[in-house]
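Enquirer: structure for this input, please:
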Amino acid sequence: MRWERFFDDLEDQLAAEWEAERAALESEAERLRLARVDLRTRLAGLAHDGEDAVTLELAGGESLEARITAVGADWLAAPEADGGRRLLLVPLAAIRAVQASHGHLLRCARPAERGDRLAERVTFGLALRDLARRRIGVAVGTGPERMLTGTIDRVGSDHIDLALHDAGAPRRAADVRGYRMIPLGAVSWVRIDASAGVPVV
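Expert: Down below sits the predicted model:
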């Protein structure tokens, strides 16, 4: 009788040790997996997480509430959460923090199915070149309380040329008030009105 209890105790102890070792291995594997997850992947997870808005804290102290709907190679698209018909393009380099619920943060850290591989390769510069090609009016944020409106004339490798004119007005030579060359690193966001012919994603 004592030997049976002795072997039962040994089996229980061995099972507990195996369970503890398995849990430790799973924890370490999860830590290693998370160490390879980048911000772009997490933001893509938020884009697939539903309709809830997040707050993007940007370089220069701006905070924008928006619902992430698409993520490119180095930027995201987000219709503004205030119910407006404006779409924001935000370069990932301008993001200083993302305020979201704890549940959203946990879910976006989990492996997700691969998104649109073509969209993943579209860079911020390429998206801006498309706006320039279409001659779509934009507002460009370059810091808190700093916004320029106009049309992107050209997009270089690391900057844009912006013809300044009133928001919502077409670009006509007579209405252009001036020009700005803006480094892409200084752009916090680009806003497009849905009425401009660009679909709100």
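
Enquirer: tally of neighbours for Leu106?
Expert: Look at Leu106: counted by other CB atoms under 10 Å, it has 11 neighbours. Glycine gets a C-beta too; all of them are placed from N, C-alpha and C.

Enquirer: output the lowest mean pLDDT helix or strand found in this protein.
Expert: Across the helices and strands of the chain, mean confidence by mean pLDDT, DSSP states H and E is lowest for helix 2-35: a mean of 64.

Enquirer: just the strands from the protein, written as ranges.
Expert: With DSSP state E applied, the chain shows strands at 54-58, 63-66, 70-71, 75-79, 86-91, 95-99, 137-143, 146-155, 159-164, 178-183, 189-193, listed in chain order.

Enquirer: so what pairs up with the closest residue to Gly150 other than its chain neighbours in the strands?
Expert: Spatial nearest neighbour of Gly150, chain neighbours left out: Leu164 (4.3 Å); criterion: CB to CB, 6 or more residues apart in numbering. Partner residues in beta bridges with Leu164, using DSSP bridges, are Gly150, Gly178.

Enquirer: ok, now which ones touch Leu164?
Expert: By CB atoms under 8 Å, 6 or more residues apart in numbering, Leu164 lies in contact with Leu148, Thr149, Gly150, Val176, Arg177, Gly178, Tyr179, Arg180.

Enquirer: 6 Å - rerun?
Expert: For Leu164, the residues meeting the contact criterion (CB atoms under 6 Å, 6 or more residues apart in numbering) are Gly150, Arg177, Gly178.

Enquirer: closest one to Leu106 out of those, please.
Expert: Taking CB to CB as the measure, Leu106 lies nearest Gly150 of the contacts of Leu164, at 41.4 Å.

Enquirer: and that closest one, how far is that from Gly185?
Expert: Distance check for Gly150 against Gly185: by CB to CB, to the nearest Å, it reads 19 Å.

Enquirer: the more surrounded of those two?
Expert: A side-by-side neighbour count of Gly150 and Gly185, using other CB under 10 Å, places Gly150 first with 24 against 11.

Enquirer: looking at that one now. What's its pLDDT?
Expert: Looking at Gly150, its pLDDT is 95.
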